[in-house]
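Chemist: Pasting the sequence and the predicted model now:
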Amino acid sequence: MSPAQSPTQVEGSALRAYGGEGGDSRVARRRAALINSALESLGGDGGGAITVRGVCKAAGLTARYFYESFDSVDQLVAETFDGVIAEITDNALAALSQGLDSEDKVRRGVAAIVEVIAGDRRKGRLLFSPTLLSPTLAQRRLDSTDAFALLTVESAAGIFDVDASPSTIAGAHFLVGGFARVLAAWLDGHVELNADQMVEVCTDMLLAQPRSQ
């Protein structure tokens, strides 16, 4: 909220119904518009800089409406990043669960991730672009790498005969890091493959089974 507004004022103005649209719905719509503006500012062509004024202008909103949903630009960046991670994780896990065998599971999971990034390359740039170096994104990327490494270990335990040994965890970090780097290179045009070819290459890479000891 802005310094001039109390929580009660913001909540009251946000939840009042206008034109047949409920307050909660309007708040959610404005919040989604700000997140989309943040995604464009960070992941769009030539993106990288982000300010309250910039995202509000792009969303067609005033700063008052920014502060009804976010305390700061850092919070907006963090929640934008977390939303993309949640989308990728949910899609990958759902696809993985539908696989018929180990190779099919991995391929489906990879395809789900590539599909999200190919469908909106801003999301891939937000996750992987080395030009986006804010402390908030750096910490979020570290946290997500740890989370995906653990998820890889858990998934591998259900597909292969491995346990959560230090060697397996190290291998998971290696695979997650390599996968992310290949996706980043692809987004930047350094890997000239189409989406289907990317799925096959990354599936082969990820099927290198972690060694347990």
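Modeler: It's in. All of these numbers come straight from a predicted model, not from anything done at the bench. Numbering: from 1, shown residues only.
Chemist: Domain boundaries for this protein, per the record?
Modeler: With automatic domain parsing as the criterion, the domains of the chain are listed as 7-71, 74-206.
Chemist: tell me how far the first one is from the chain's mean position?
Modeler: On the basis of Cα atoms, centre = their mean, to the nearest Å, domain 7-71 is displaced by 19 Å from the centre of the chain it belongs to.
Chemist: before we move on, what about the last one?
Modeler: Computed by Cα atoms, centre = their mean, the separation of domain 74-206 from the middle of its chain amounts to 9 Å.
Chemist: measure that domain end to end?
Modeler: 33 Å (Cα to Cα, to the nearest Å).
Chemist: cool, and stretch 155-168?
Modeler: Where stretch 155-168 begins and where it ends lie 12 Å apart, using Cα to Cα.
Chemist: Any chance of JSON lines for the domains of the chain, columns mean pLDDT and mean neighbour count?
Modeler: Quick note: C-beta positions are derived from backbone N, CA and C, even for glycine. Below are the domains of the chain laid out as JSON lines (pLDDT from 0 to 100; neighbours: other Cβ atoms under 10 Å):
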{"stretch": "domain 7-71", "mean pLDDT": "80", "mean neighbour count": "16"}
{"stretch": "domain 74-206", "mean pLDDT": "87", "mean neighbour count": "17"}
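Chemist: can you give me the helices for this protein?
Modeler: Under the criterion DSSP state H, helices of the chain are mapped to 7-15, 23-43, 52-59, 63-66, 73-97, 102-119, 121-128, 135-159, 166-187, 195-206.
Chemist: what helices or strands is the second one leaning on?
Modeler: Judged by 3 or more Cβ pairs under 8 Å, 6 or more residues apart in numbering; DSSP states H and E, the packing partners of helix 23-43 are helix 7-15, helix 52-59, helix 63-66, helix 73-97, helix 121-128.
Chemist: One more pass at 6 Å, please.
Modeler: Applying 3 or more Cβ pairs under 6 Å, 6 or more residues apart in numbering; DSSP states H and E, we find helix 23-43 packed against helix 7-15, helix 52-59, helix 73-97, helix 121-128.
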